[in-house]
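K.L.:
show me the folded form of this:
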Amino acid sequence: MHERPEFDAADLSAMMTRVARLRSEVDDLLTTYTAQESSRRAHVCELLSSSLEQSLNHLAQLCAPVREDAAPRDHDARRSEPYRHGAHALPAVPEMFRSQRYLRPRLVDTVVGDTLVPSRPAAPRDLLLPPDEPVRGRGHEDLVPPALPGPRAHAGLIASAEWHLDTDEIRWSDEMYLLFDRDPVAGPVRLDDLPHHVLPGDLPEVETLVAGLLHELVPAEAEFRVLRTDGTTRSVHLVGEPVLDADGTPRSVWAILRDVSELRWTQAALSEAREQLLVQRQLARAEHRIAAELQRAVMPRWTRAIALPGLDVATRYFPAEAVSRVGGDWYDGMALPDRTVLVSLGDMAGHGLAAAAGMTTLRSALEGYAITGARPGEMLYWLNRLVLHTMPTEAIATAVCGRYDPDRRVLTLARAGHPPLLLFRNGSGSIPDMPGGILLGVHDEPCYEELRLELRAGDLLLLFTDGLVERRGLDIDESIGALLSLGPLLAGADARACVDLVVSRLGHTDYEDDACVMALRVT
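P.N.:
Numbering: from 1, shown residues only. As a prediction, this is how the structure comes out:
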(Lines give C-alpha, C1' and ligand atoms only; values in the text may rest on other atoms or scores of the structure.)
Protein backbone atom coordinates (compact mmCIF):
# COMPACT_ATOMS: atom_id res chain seq x y z
CA MET A 1 0.00 0.00 0.00
CA HIS A 2 1.27 3.47 -0.82
CA GLU A 3 0.84 6.22 1.71
CA ARG A 4 -1.33 8.94 0.26
CA PRO A 5 0.60 12.24 0.17
CA GLU A 6 -0.98 15.56 1.05
CA PHE A 7 -1.28 18.12 -1.77
CA ASP A 8 -1.32 21.86 -1.26
CA ALA A 9 -2.47 24.54 -3.68
CA ALA A 10 0.92 24.67 -5.38
CA ASP A 11 0.91 20.92 -5.98
CA LEU A 12 -2.55 20.97 -7.54
CA SER A 13 -1.73 24.02 -9.65
CA ALA A 14 1.38 22.28 -10.97
CA MET A 15 -0.64 19.20 -11.87
CA MET A 16 -3.25 21.29 -13.64
CA THR A 17 -0.53 23.16 -15.51
CA ARG A 18 1.02 19.93 -16.80
CA VAL A 19 -2.31 18.45 -17.85
CA ALA A 20 -3.43 21.65 -19.58
CA ARG A 21 -0.17 22.01 -21.47
CA LEU A 22 -0.18 18.35 -22.39
CA ARG A 23 -3.69 18.75 -23.78
CA SER A 24 -2.46 21.77 -25.75
CA GLU A 25 0.30 19.67 -27.30
CA VAL A 26 -2.24 16.99 -28.21
CA ASP A 27 -4.43 19.61 -29.87
CA ASP A 28 -1.46 20.78 -31.91
CA LEU A 29 -0.77 17.20 -33.01
CA LEU A 30 -4.45 16.78 -33.85
CA THR A 31 -4.32 19.85 -36.09
CA THR A 32 -1.22 18.52 -37.82
CA TYR A 33 -2.62 15.03 -38.38
CA THR A 34 -5.92 16.45 -39.63
CA ALA A 35 -4.05 18.58 -42.17
CA GLN A 36 -2.04 15.53 -43.23
CA GLU A 37 -5.26 13.47 -43.52
CA SER A 38 -3.86 10.95 -41.05
CA SER A 39 -7.21 9.75 -39.78
CA ARG A 40 -5.89 7.04 -37.46
CA ARG A 41 -3.54 9.33 -35.55
CA ALA A 42 -6.10 12.11 -35.55
CA HIS A 43 -8.59 9.71 -33.96
CA VAL A 44 -6.05 8.80 -31.26
CA CYS A 45 -5.39 12.47 -30.55
CA GLU A 46 -9.12 13.12 -30.22
CA LEU A 47 -9.41 10.36 -27.64
CA LEU A 48 -6.38 11.67 -25.73
CA SER A 49 -7.69 15.22 -25.79
CA SER A 50 -11.05 14.09 -24.43
CA SER A 51 -9.38 12.11 -21.65
CA LEU A 52 -7.14 15.04 -20.71
CA GLU A 53 -10.14 17.35 -20.60
CA GLN A 54 -11.80 15.04 -18.09
CA SER A 55 -8.61 14.95 -16.00
CA LEU A 56 -8.32 18.75 -16.08
CA ASN A 57 -11.94 19.08 -15.01
CA HIS A 58 -11.41 16.71 -12.10
CA LEU A 59 -8.26 18.52 -10.97
CA ALA A 60 -10.08 21.83 -11.16
CA GLN A 61 -12.78 20.47 -8.85
CA LEU A 62 -10.11 19.25 -6.41
CA CYS A 63 -8.29 22.57 -6.58
CA ALA A 64 -11.32 24.76 -5.93
CA PRO A 65 -11.74 24.06 -2.17
CA VAL A 66 -7.96 24.15 -1.58
CA ARG A 67 -7.53 27.53 -3.24
CA GLU A 68 -10.46 29.06 -1.43
CA ASP A 69 -8.23 30.18 1.42
CA ALA A 70 -4.72 29.77 0.05
CA ALA A 71 -4.88 31.26 -3.43
CA PRO A 72 -4.25 34.99 -3.95
CA ARG A 73 -7.26 37.24 -4.25
CA ASP A 74 -6.53 38.24 -7.84
CA HIS A 75 -7.17 34.63 -8.91
CA ASP A 76 -10.76 34.56 -7.62
CA ALA A 77 -12.20 36.26 -10.66
CA ARG A 78 -10.37 33.88 -12.95
CA ARG A 79 -11.69 30.84 -11.13
CA SER A 80 -15.25 32.06 -11.54
CA GLU A 81 -14.95 32.02 -15.32
CA PRO A 82 -15.76 28.68 -17.00
CA TYR A 83 -13.07 26.90 -18.91
CA ARG A 84 -14.31 25.92 -22.37
CA HIS A 85 -12.71 23.57 -24.82
CA GLY A 86 -14.71 22.77 -27.93
CA ALA A 87 -18.33 22.39 -26.85
CA HIS A 88 -17.58 21.53 -23.21
CA ALA A 89 -17.40 23.96 -20.32
CA LEU A 90 -15.23 23.07 -17.33
CA PRO A 91 -15.26 25.12 -14.12
CA ALA A 92 -12.49 26.86 -12.26
CA VAL A 93 -9.56 26.67 -14.69
CA PRO A 94 -7.37 29.81 -14.66
CA GLU A 95 -6.67 31.63 -17.89
CA MET A 96 -2.95 30.77 -17.75
CA PHE A 97 -3.72 27.09 -18.34
CA ARG A 98 -5.37 27.95 -21.66
CA SER A 99 -3.11 30.59 -23.13
CA GLN A 100 0.53 29.88 -22.24
CA ARG A 101 2.69 27.80 -24.60
CA TYR A 102 6.07 26.18 -23.90
CA LEU A 103 8.67 26.48 -26.61
CA ARG A 104 11.28 24.20 -25.02
CA PRO A 105 9.64 20.81 -24.42
CA ARG A 106 11.49 17.85 -23.06
CA LEU A 107 10.67 14.25 -22.24
CA VAL A 108 9.90 13.26 -18.66
CA ASP A 109 8.87 10.05 -17.02
CA THR A 110 5.14 9.54 -17.41
CA VAL A 111 2.90 8.09 -14.71
CA VAL A 112 0.93 5.05 -15.86
CA GLY A 113 -0.97 3.08 -13.24
CA ASP A 114 1.28 2.49 -10.23
CA THR A 115 4.60 2.43 -12.11
CA LEU A 116 6.79 5.07 -13.74
CA VAL A 117 7.30 4.48 -17.44
CA PRO A 118 10.93 5.17 -18.44
CA SER A 119 11.59 7.89 -20.99
CA ARG A 120 11.63 6.74 -24.60
CA PRO A 121 13.15 8.31 -27.71
CA ALA A 122 11.28 11.23 -29.20
CA ALA A 123 8.77 10.45 -31.93
CA PRO A 124 5.93 12.38 -33.55
CA ARG A 125 3.38 10.51 -31.42
CA ASP A 126 5.07 11.36 -28.11
CA LEU A 127 3.12 13.72 -25.92
CA LEU A 128 5.56 16.24 -24.46
CA LEU A 129 5.29 17.83 -21.02
CA PRO A 130 6.62 21.24 -19.88
CA PRO A 131 10.15 21.37 -18.39
CA ASP A 132 11.25 21.69 -14.81
CA GLU A 133 8.06 20.30 -13.28
CA PRO A 134 8.59 16.94 -11.61
CA VAL A 135 5.83 14.38 -11.56
CA ARG A 136 4.31 14.02 -8.11
CA GLY A 137 2.59 11.00 -6.63
CA ARG A 138 2.70 7.36 -7.55
CA GLY A 139 -0.45 6.98 -9.63
CA HIS A 140 -3.79 8.36 -10.66
CA GLU A 141 -5.49 7.12 -7.52
CA ASP A 142 -3.28 9.39 -5.39
CA LEU A 143 -4.92 12.44 -6.94
CA VAL A 144 -8.46 11.46 -5.87
CA PRO A 145 -9.58 12.04 -2.26
CA PRO A 146 -11.11 8.98 -0.57
CA ALA A 147 -14.50 10.70 -0.32
CA LEU A 148 -14.88 10.97 -4.10
CA PRO A 149 -16.14 7.88 -5.93
CA GLY A 150 -13.84 6.42 -8.52
CA PRO A 151 -14.75 6.17 -12.21
CA ARG A 152 -17.07 3.39 -13.23
CA ALA A 153 -17.38 1.46 -16.47
CA HIS A 154 -19.84 3.26 -18.67
CA ALA A 155 -20.19 4.49 -22.24
CA GLY A 156 -17.29 6.68 -23.25
CA LEU A 157 -14.86 5.38 -20.62
CA ILE A 158 -11.32 5.75 -21.99
CA ALA A 159 -8.52 3.48 -20.80
CA SER A 160 -4.87 3.09 -21.74
CA ALA A 161 -2.37 0.25 -21.66
CA GLU A 162 1.27 -0.39 -22.57
CA TRP A 163 2.92 -3.76 -23.03
CA HIS A 164 6.74 -3.70 -22.93
CA LEU A 165 8.11 -6.41 -25.19
CA ASP A 166 11.70 -6.24 -23.95
CA THR A 167 10.99 -6.47 -20.20
CA ASP A 168 7.53 -8.17 -20.20
CA GLU A 169 6.36 -5.25 -18.08
CA ILE A 170 2.70 -4.28 -18.45
CA ARG A 171 1.15 -1.02 -17.35
CA TRP A 172 -2.59 -0.56 -17.19
CA SER A 173 -4.50 2.54 -16.24
CA ASP A 174 -7.12 2.23 -13.53
CA GLU A 175 -9.82 2.43 -16.19
CA MET A 176 -8.53 -0.76 -17.79
CA TYR A 177 -9.24 -2.74 -14.64
CA LEU A 178 -12.74 -1.21 -14.51
CA LEU A 179 -13.31 -2.02 -18.16
CA PHE A 180 -12.35 -5.68 -17.73
CA ASP A 181 -13.82 -5.86 -14.19
CA ARG A 182 -10.46 -7.25 -13.12
CA ASP A 183 -9.01 -7.09 -9.63
CA PRO A 184 -5.75 -5.05 -9.69
CA VAL A 185 -4.25 -7.69 -7.39
CA ALA A 186 -4.52 -10.18 -10.25
CA GLY A 187 -2.48 -7.86 -12.42
CA PRO A 188 -2.99 -6.89 -16.08
CA VAL A 189 -3.54 -9.22 -19.01
CA ARG A 190 -0.78 -10.04 -21.47
CA LEU A 191 -1.36 -8.83 -25.02
CA ASP A 192 -1.15 -12.33 -26.49
CA ASP A 193 -3.67 -13.51 -23.85
CA LEU A 194 -6.18 -10.85 -24.85
CA PRO A 195 -8.12 -13.25 -27.17
CA HIS A 196 -8.99 -15.36 -24.11
CA HIS A 197 -10.99 -12.44 -22.67
CA VAL A 198 -13.26 -11.74 -25.65
CA LEU A 199 -16.35 -13.43 -26.97
CA PRO A 200 -15.74 -16.32 -29.40
CA GLY A 201 -17.45 -14.52 -32.23
CA ASP A 202 -14.92 -11.66 -32.03
CA LEU A 203 -11.78 -13.84 -31.93
CA PRO A 204 -10.83 -13.32 -35.61
CA GLU A 205 -10.77 -9.54 -35.20
CA VAL A 206 -8.69 -9.70 -32.01
CA GLU A 207 -6.25 -12.26 -33.41
CA THR A 208 -5.73 -10.09 -36.48
CA LEU A 209 -5.20 -7.08 -34.23
CA VAL A 210 -2.58 -8.82 -32.06
CA ALA A 211 -0.79 -10.22 -35.11
CA GLY A 212 -0.58 -6.78 -36.67
CA LEU A 213 0.85 -5.21 -33.51
CA LEU A 214 3.32 -7.97 -32.55
CA HIS A 215 4.41 -9.44 -35.87
CA GLU A 216 3.67 -7.01 -38.66
CA LEU A 217 4.59 -4.01 -36.45
CA VAL A 218 1.88 -1.78 -37.92
CA PRO A 219 -0.79 0.32 -36.21
CA ALA A 220 -4.08 -1.50 -35.86
CA GLU A 221 -7.56 -0.98 -34.52
CA ALA A 222 -10.54 -3.22 -33.91
CA GLU A 223 -13.80 -3.38 -32.08
CA PHE A 224 -14.69 -6.40 -29.99
CA ARG A 225 -16.68 -7.49 -26.95
CA VAL A 226 -14.88 -8.06 -23.68
CA LEU A 227 -16.11 -10.90 -21.46
CA ARG A 228 -15.82 -9.56 -17.91
CA THR A 229 -15.33 -11.58 -14.76
CA ASP A 230 -18.85 -10.74 -13.56
CA GLY A 231 -20.32 -12.45 -16.65
CA THR A 232 -21.30 -9.26 -18.46
CA THR A 233 -19.88 -8.01 -21.75
CA ARG A 234 -18.72 -4.60 -22.90
CA SER A 235 -18.07 -3.45 -26.45
CA VAL A 236 -14.59 -1.94 -26.77
CA HIS A 237 -12.92 0.02 -29.54
CA LEU A 238 -9.11 -0.41 -29.41
CA VAL A 239 -6.52 1.70 -31.22
CA GLY A 240 -2.96 0.44 -30.84
CA GLU A 241 0.50 1.13 -32.22
CA PRO A 242 3.90 -0.54 -31.75
CA VAL A 243 6.75 1.57 -30.33
CA LEU A 244 10.05 0.99 -32.12
CA ASP A 245 13.61 1.74 -31.09
CA ALA A 246 15.92 3.76 -33.30
CA ASP A 247 17.00 0.61 -35.14
CA GLY A 248 13.41 -0.45 -35.76
CA THR A 249 13.31 -3.11 -33.05
CA PRO A 250 9.87 -3.35 -31.39
CA ARG A 251 10.13 -2.09 -27.83
CA SER A 252 6.52 -1.93 -26.65
CA VAL A 253 2.93 -1.74 -27.73
CA TRP A 254 0.63 0.97 -26.44
CA ALA A 255 -3.10 1.17 -26.89
CA ILE A 256 -6.12 3.29 -26.07
CA LEU A 257 -9.47 1.59 -25.47
CA ARG A 258 -12.87 3.20 -25.37
CA ASP A 259 -16.06 1.67 -24.04
CA VAL A 260 -18.67 1.93 -26.82
CA SER A 261 -21.23 -0.42 -25.27
CA GLU A 262 -23.99 2.16 -24.83
CA LEU A 263 -23.46 3.36 -28.38
CA ARG A 264 -23.81 -0.15 -29.81
CA TRP A 265 -26.83 -0.90 -27.62
CA THR A 266 -28.45 2.31 -28.80
CA GLN A 267 -27.71 1.46 -32.42
CA ALA A 268 -29.17 -2.02 -31.95
CA ALA A 269 -32.28 -0.54 -30.34
CA LEU A 270 -32.65 1.97 -33.17
CA SER A 271 -32.23 -0.80 -35.74
CA GLU A 272 -34.88 -2.88 -34.03
CA ALA A 273 -37.20 0.11 -33.77
CA ARG A 274 -36.64 0.83 -37.46
CA GLU A 275 -37.55 -2.75 -38.36
CA GLN A 276 -40.65 -2.58 -36.21
CA LEU A 277 -41.58 0.73 -37.83
CA LEU A 278 -41.28 -0.82 -41.28
CA VAL A 279 -43.48 -3.73 -40.19
CA GLN A 280 -46.05 -1.34 -38.74
CA ARG A 281 -45.96 0.74 -41.90
CA GLN A 282 -46.59 -2.33 -44.03
CA LEU A 283 -49.46 -3.36 -41.77
CA ALA A 284 -50.91 0.15 -41.92
CA ARG A 285 -50.75 0.13 -45.71
CA ALA A 286 -52.41 -3.27 -45.86
CA GLU A 287 -55.09 -2.12 -43.41
CA HIS A 288 -55.69 1.04 -45.44
CA ARG A 289 -56.03 -0.97 -48.63
CA ILE A 290 -58.53 -3.37 -47.06
CA ALA A 291 -60.50 -0.50 -45.47
CA ALA A 292 -60.63 1.40 -48.75
CA GLU A 293 -61.80 -1.68 -50.65
CA LEU A 294 -64.45 -2.35 -47.99
CA GLN A 295 -65.63 1.23 -48.18
CA ARG A 296 -65.82 1.15 -51.96
CA ALA A 297 -67.72 -2.15 -51.88
CA VAL A 298 -70.33 -0.93 -49.40
CA MET A 299 -70.78 2.77 -50.10
CA PRO A 300 -72.77 3.67 -53.22
CA ARG A 301 -70.73 5.74 -55.65
CA TRP A 302 -73.24 8.33 -56.79
CA THR A 303 -71.23 10.15 -59.41
CA ARG A 304 -74.39 11.91 -60.44
CA ALA A 305 -77.70 12.74 -58.80
CA ILE A 306 -80.12 9.83 -58.38
CA ALA A 307 -83.89 9.92 -58.38
CA LEU A 308 -85.77 8.44 -55.43
CA PRO A 309 -89.53 8.70 -55.01
CA GLY A 310 -90.20 12.43 -54.53
CA LEU A 311 -86.49 13.35 -54.11
CA ASP A 312 -83.47 14.35 -56.18
CA VAL A 313 -80.41 13.15 -54.20
CA ALA A 314 -76.69 13.91 -54.58
CA THR A 315 -73.75 13.18 -52.30
CA ARG A 316 -70.04 13.88 -52.04
CA TYR A 317 -67.53 12.08 -49.83
CA PHE A 318 -64.08 13.51 -48.99
CA PRO A 319 -61.41 11.40 -47.30
CA ALA A 320 -59.18 12.96 -44.71
CA GLU A 321 -56.08 14.89 -45.76
CA ALA A 322 -53.78 11.97 -44.80
CA VAL A 323 -53.98 9.34 -47.54
CA SER A 324 -53.70 6.48 -45.06
CA ARG A 325 -56.74 7.58 -43.04
CA VAL A 326 -59.94 5.88 -44.16
CA GLY A 327 -62.77 7.00 -41.93
CA GLY A 328 -66.19 5.76 -40.92
CA ASP A 329 -68.46 8.30 -42.65
CA TRP A 330 -71.40 6.78 -44.46
CA TYR A 331 -74.59 7.81 -46.25
CA ASP A 332 -77.56 5.98 -47.68
CA GLY A 333 -80.76 6.54 -49.58
CA MET A 334 -83.09 3.69 -50.40
CA ALA A 335 -86.69 3.24 -51.56
CA LEU A 336 -88.57 1.01 -49.10
CA PRO A 337 -91.34 -1.50 -49.78
CA ASP A 338 -94.03 0.74 -48.23
CA ARG A 339 -93.27 3.49 -50.82
CA THR A 340 -91.34 5.60 -48.31
CA VAL A 341 -87.67 6.55 -48.67
CA LEU A 342 -84.89 5.90 -46.16
CA VAL A 343 -82.47 8.84 -45.84
CA SER A 344 -79.49 8.39 -43.51
CA LEU A 345 -76.07 9.82 -42.78
CA GLY A 346 -73.59 8.84 -40.06
CA ASP A 347 -70.04 8.87 -38.78
CA MET A 348 -68.28 6.01 -37.00
CA ALA A 349 -65.56 7.47 -34.75
CA GLY A 350 -61.97 6.70 -35.67
CA HIS A 351 -60.09 5.75 -38.80
CA GLY A 352 -58.80 2.65 -40.43
CA LEU A 353 -60.16 -0.86 -40.81
CA ALA A 354 -62.09 -0.82 -37.51
CA ALA A 355 -63.96 2.37 -38.44
CA ALA A 356 -64.72 1.09 -41.95
CA ALA A 357 -65.99 -2.23 -40.57
CA GLY A 358 -68.16 -0.43 -37.98
CA MET A 359 -69.57 1.85 -40.66
CA THR A 360 -70.46 -1.15 -42.79
CA THR A 361 -72.24 -2.84 -39.89
CA LEU A 362 -74.29 0.24 -38.95
CA ARG A 363 -75.29 1.06 -42.52
CA SER A 364 -76.41 -2.48 -43.29
CA ALA A 365 -78.25 -2.82 -39.98
CA LEU A 366 -80.10 0.46 -40.55
CA GLU A 367 -81.32 -0.74 -43.92
CA GLY A 368 -82.61 -3.93 -42.30
CA TYR A 369 -84.41 -2.01 -39.55
CA ALA A 370 -85.96 0.33 -42.13
CA ILE A 371 -87.39 -2.57 -44.16
CA THR A 372 -89.24 -3.82 -41.07
CA GLY A 373 -91.19 -0.55 -40.98
CA ALA A 374 -89.52 0.78 -37.80
CA ARG A 375 -89.74 4.50 -37.10
CA PRO A 376 -86.50 6.61 -37.16
CA GLY A 377 -86.33 6.82 -33.34
CA GLU A 378 -86.69 3.04 -33.06
CA MET A 379 -84.02 2.48 -35.70
CA LEU A 380 -81.52 4.60 -33.76
CA TYR A 381 -82.42 2.82 -30.52
CA TRP A 382 -81.56 -0.56 -32.00
CA LEU A 383 -78.43 0.82 -33.65
CA ASN A 384 -77.31 1.99 -30.20
CA ARG A 385 -77.85 -1.52 -28.80
CA LEU A 386 -75.83 -2.91 -31.67
CA VAL A 387 -72.89 -0.58 -30.95
CA LEU A 388 -72.98 -1.32 -27.21
CA HIS A 389 -73.16 -5.08 -27.38
CA THR A 390 -71.35 -6.11 -30.56
CA MET A 391 -68.56 -3.57 -30.99
CA PRO A 392 -65.48 -2.65 -28.93
CA THR A 393 -66.13 -0.69 -25.75
CA GLU A 394 -64.58 2.48 -27.16
CA ALA A 395 -66.79 2.46 -30.29
CA ILE A 396 -69.14 5.43 -30.67
CA ALA A 397 -70.95 6.90 -33.65
CA THR A 398 -73.26 9.70 -34.72
CA ALA A 399 -76.17 9.27 -37.09
CA VAL A 400 -79.22 10.97 -38.52
CA CYS A 401 -81.94 8.96 -40.21
CA GLY A 402 -85.33 9.81 -41.64
CA ARG A 403 -88.25 8.23 -43.41
CA TYR A 404 -89.66 10.38 -46.18
CA ASP A 405 -93.27 10.02 -47.37
CA PRO A 406 -93.31 11.33 -50.98
CA ASP A 407 -97.11 11.33 -51.22
CA ARG A 408 -97.53 13.79 -48.32
CA ARG A 409 -94.02 15.38 -48.57
CA VAL A 410 -93.40 14.66 -44.89
CA LEU A 411 -89.97 13.76 -43.45
CA THR A 412 -89.88 12.06 -40.05
CA LEU A 413 -86.39 12.55 -38.63
CA ALA A 414 -84.34 11.41 -35.61
CA ARG A 415 -80.69 11.98 -34.78
CA ALA A 416 -78.01 10.66 -32.42
CA GLY A 417 -75.44 13.33 -31.63
CA HIS A 418 -75.24 14.41 -35.27
CA PRO A 419 -74.90 17.97 -36.65
CA PRO A 420 -78.24 19.61 -37.47
CA LEU A 421 -80.02 19.39 -40.80
CA LEU A 422 -80.26 22.63 -42.84
CA LEU A 423 -83.45 23.60 -44.69
CA PHE A 424 -83.34 26.00 -47.66
CA ARG A 425 -86.64 27.43 -48.88
CA ASN A 426 -87.17 30.32 -51.27
CA GLY A 427 -83.50 31.28 -51.19
CA SER A 428 -83.28 31.41 -47.39
CA GLY A 429 -81.55 28.92 -45.09
CA SER A 430 -82.63 27.89 -41.60
CA ILE A 431 -82.07 25.23 -38.93
CA PRO A 432 -85.25 23.35 -37.96
CA ASP A 433 -85.96 22.67 -34.30
CA MET A 434 -83.92 19.48 -34.22
CA PRO A 435 -84.86 16.62 -31.87
CA GLY A 436 -82.51 15.57 -29.09
CA GLY A 437 -80.55 12.35 -29.02
CA ILE A 438 -77.34 11.04 -27.47
CA LEU A 439 -74.43 9.48 -29.34
CA LEU A 440 -74.63 5.82 -30.28
CA GLY A 441 -72.72 3.59 -27.89
CA VAL A 442 -72.85 5.84 -24.82
CA HIS A 443 -76.01 4.90 -22.90
CA ASP A 444 -77.86 1.61 -22.67
CA GLU A 445 -81.40 3.02 -22.65
CA PRO A 446 -81.41 6.30 -24.61
CA CYS A 447 -84.47 8.13 -25.84
CA TYR A 448 -84.41 9.39 -29.41
CA GLU A 449 -87.01 12.01 -30.18
CA GLU A 450 -88.48 12.50 -33.65
CA LEU A 451 -89.15 15.57 -35.78
CA ARG A 452 -92.00 15.68 -38.28
CA LEU A 453 -91.01 18.10 -41.02
CA GLU A 454 -93.55 19.12 -43.68
CA LEU A 455 -91.82 20.04 -46.91
CA ARG A 456 -92.77 21.79 -50.12
CA ALA A 457 -91.80 21.24 -53.73
CA GLY A 458 -88.47 22.92 -54.37
CA ASP A 459 -87.25 22.72 -50.77
CA LEU A 460 -83.61 21.72 -50.30
CA LEU A 461 -82.35 19.68 -47.35
CA LEU A 462 -78.62 19.64 -46.61
CA LEU A 463 -77.14 16.92 -44.40
CA PHE A 464 -73.42 16.62 -43.56
CA THR A 465 -70.97 15.05 -41.14
CA ASP A 466 -68.89 17.07 -38.69
CA GLY A 467 -65.77 16.82 -40.87
CA LEU A 468 -67.28 19.44 -43.19
CA VAL A 469 -67.69 22.14 -40.54
CA GLU A 470 -65.03 21.32 -37.95
CA ARG A 471 -61.74 23.06 -38.70
CA ARG A 472 -58.77 23.95 -36.53
CA GLY A 473 -59.08 27.60 -35.50
CA LEU A 474 -62.65 27.95 -36.87
CA ASP A 475 -65.83 27.79 -34.78
CA ILE A 476 -68.50 25.31 -35.90
CA ASP A 477 -71.20 27.97 -35.71
CA GLU A 478 -69.21 30.10 -38.16
CA SER A 479 -69.03 27.22 -40.63
CA ILE A 480 -72.74 26.51 -40.34
CA GLY A 481 -73.43 30.24 -40.75
CA ALA A 482 -71.41 30.19 -43.95
CA LEU A 483 -73.56 27.32 -45.23
CA LEU A 484 -76.80 29.14 -44.40
CA SER A 485 -75.60 32.24 -46.26
CA LEU A 486 -75.53 30.21 -49.49
CA GLY A 487 -79.35 30.17 -49.63
CA PRO A 488 -79.75 32.62 -52.55
CA LEU A 489 -77.15 30.72 -54.61
CA LEU A 490 -78.76 27.33 -53.96
CA ALA A 491 -82.24 28.41 -55.00
CA GLY A 492 -83.37 26.56 -58.13
CA ALA A 493 -80.18 24.50 -58.50
CA ASP A 494 -80.40 20.74 -58.73
CA ALA A 495 -78.97 18.49 -56.00
CA ARG A 496 -75.64 17.87 -57.80
CA ALA A 497 -75.03 21.58 -58.38
CA CYS A 498 -75.90 22.33 -54.75
CA VAL A 499 -73.29 19.88 -53.46
CA ASP A 500 -70.63 21.31 -55.76
CA LEU A 501 -71.47 24.84 -54.68
CA VAL A 502 -71.33 23.98 -50.98
CA VAL A 503 -67.91 22.40 -51.32
CA SER A 504 -66.46 25.19 -53.45
CA ARG A 505 -67.77 28.04 -51.28
CA LEU A 506 -66.52 26.55 -48.03
CA GLY A 507 -63.04 26.92 -49.49
CA HIS A 508 -61.57 23.70 -48.05
CA THR A 509 -59.30 21.51 -50.14
CA ASP A 510 -57.63 19.38 -47.44
CA TYR A 511 -59.89 17.85 -44.81
CA GLU A 512 -58.57 17.04 -41.36
CA ASP A 513 -61.36 14.47 -40.95
CA ASP A 514 -63.57 12.60 -43.36
CA ALA A 515 -66.43 14.72 -44.63
CA CYS A 516 -69.68 13.77 -46.26
CA VAL A 517 -72.40 16.01 -47.78
CA MET A 518 -75.89 14.99 -48.93
CA ALA A 519 -78.32 17.29 -50.74
CA LEU A 520 -82.04 16.39 -51.05
CA ARG A 521 -84.19 18.43 -53.44
CA VAL A 522 -87.94 17.89 -53.00
CA THR A 523 -89.66 17.32 -56.37
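K.L.:
can you list the weak-confidence ranges in the stretch 101-250 of the chain?
P.N.:
101-155 (pLDDT under 70).
K.L.:
show me where it has its strands.
P.N.:
110-112, 115-117, 158-164, 170-172, 220-227, 233-244, 250-259 (DSSP state E, counting those that start in this stretch).
K.L.:
can you say which of those strands is nearest to Pro319?
P.N.:
Pro319 lies closest to strand 233-244 among the strands of the stretch 101-250 of the chain, at 48.0 Å (Cβ to Cβ). To be clear about C-beta, it is placed using only N, CA and C from the backbone, and glycine gets the same treatment.
K.L.:
direction included, what does that closest one pair against?
P.N.:
strand 220-227 (antiparallel), strand 250-259 (antiparallel) (DSSP bridges).
K.L.:
as TSV, these with distance to Tyr381 and mean neighbour count would be great.
P.N.:
Putting the strands paired with strand 233-244 into TSV (distance: least, Cβ to Cβ, whole Å; neighbours: other Cβ atoms under 10 Å) gives the following:
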stretch	distance to Tyr381	mean neighbour count
strand 220-227	67	20
strand 250-259	68	20
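K.L.:
same list (those) but as JSON lines, adding distance to Val279.
P.N.:
As requested, these are exported to JSON lines (distance: least, Cβ to Cβ, whole Å):
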{"stretch": "strand 220-227", "distance to Val279": "28"}
{"stretch": "strand 250-259", "distance to Val279": "32"}
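K.L.:
and the host helix or strand of Glu46, average pLDDT?
P.N.:
Following DSSP states H and E, one finds Glu46 within helix 39-70. Per-residue pLDDT values over helix 39-70 give a mean of 66.
K.L.:
do you know which of the strands of the stretch 101-250 of the chain lies nearest Ser428?
P.N.:
So among the strands of the stretch 101-250 of the chain, strand 233-244 is nearest, using Cβ to Cβ, at 76.6 Å.
K.L.:
neighbours around Thr34, how many?
P.N.:
Using other Cβ atoms under 10 Å, Thr34 has 14 neighbouring residues.
K.L.:
and the next element down the chain from the helix or strand hosting Gly429?
P.N.:
Following DSSP H and E, one finds Gly429 within strand 428-430. Next helix or strand after strand 428-430 toward the C-terminus (DSSP H and E): strand 451-454.
K.L.:
pLDDT on that next one, on average?
P.N.:
In the prediction, strand 451-454 has an average pLDDT of 95.
K.L.:
which elements pack onto that strand?
P.N.:
Helices and strands touching strand 451-454, by 3 or more Cβ pairs under 8 Å, 6 or more residues apart in numbering; DSSP states H and E, are strand 410-416.
K.L.:
before we move on, the earlier item: looking at the strands paired with strand 233-244, spot the one closest to Ala365.
P.N.:
Closest among those, using Cβ to Cβ: strand 220-227, at 60.9 Å.
K.L.:
which of the residues in the strand holding Gly429 are buried?
P.N.:
Gly429 (16 or more other Cβ atoms under 10 Å).
K.L.:
parallel or antiparallel, list what pairs with it.
P.N.:
strand 422-425 (antiparallel).
K.L.:
can you tell me what sits against the partner strand?
P.N.:
429-432, 453, 456, 458-463, 480, 483-484, 486-487, 490-491 (Cβ atoms under 8 Å, 6 or more residues apart in numbering).
K.L.:
now for this protein: which helix has the highest residue count?
P.N.:
helix 261-298 (DSSP state H).
K.L.:
next, the contact list for the nearest residue to Leu52 once chain neighbours are set aside, please.
P.N.:
Leaving aside its sequence neighbours, Leu52 sits nearest to Arg23 (Cβ to Cβ, 6 or more residues apart in numbering; 3.9 Å). Applying Cβ under 8 Å, 6+ apart, we find Arg23 in contact with 49, 52-53, 56, 85.
K.L.:
Arg23: what secondary structure?
P.N.:
helix (DSSP: H, G, I helix; E, B strand; the rest coil).
K.L.:
try the one 10 residues further on
P.N.:
Here Tyr33 takes the helix state, with states given by three-state DSSP.
K.L.:
thinking it is in contact with Leu48, fair?
P.N.:
No - the pair Tyr33 / Leu48 is not scored as a contact, 11.5 Å apart, by Cβ atoms under 8 Å.
K.L.:
got JSON lines for the contacts of Arg23, with distance to Arg375 and neighbour count too?
P.N.:
Listed next are the contacts of Arg23 as JSON lines, based on distance: Cβ to Cβ, whole Å; neighbours: other Cβ atoms under 10 Å:
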{"residue": "Ser49", "distance to Arg375": "84", "neighbour count": "19"}
{"residue": "Leu52", "distance to Arg375": "86", "neighbour count": "22"}
{"residue": "Glu53", "distance to Arg375": "82", "neighbour count": "19"}
{"residue": "Leu56", "distance to Arg375": "86", "neighbour count": "22"}
{"residue": "His85", "distance to Arg375": "82", "neighbour count": "19"}
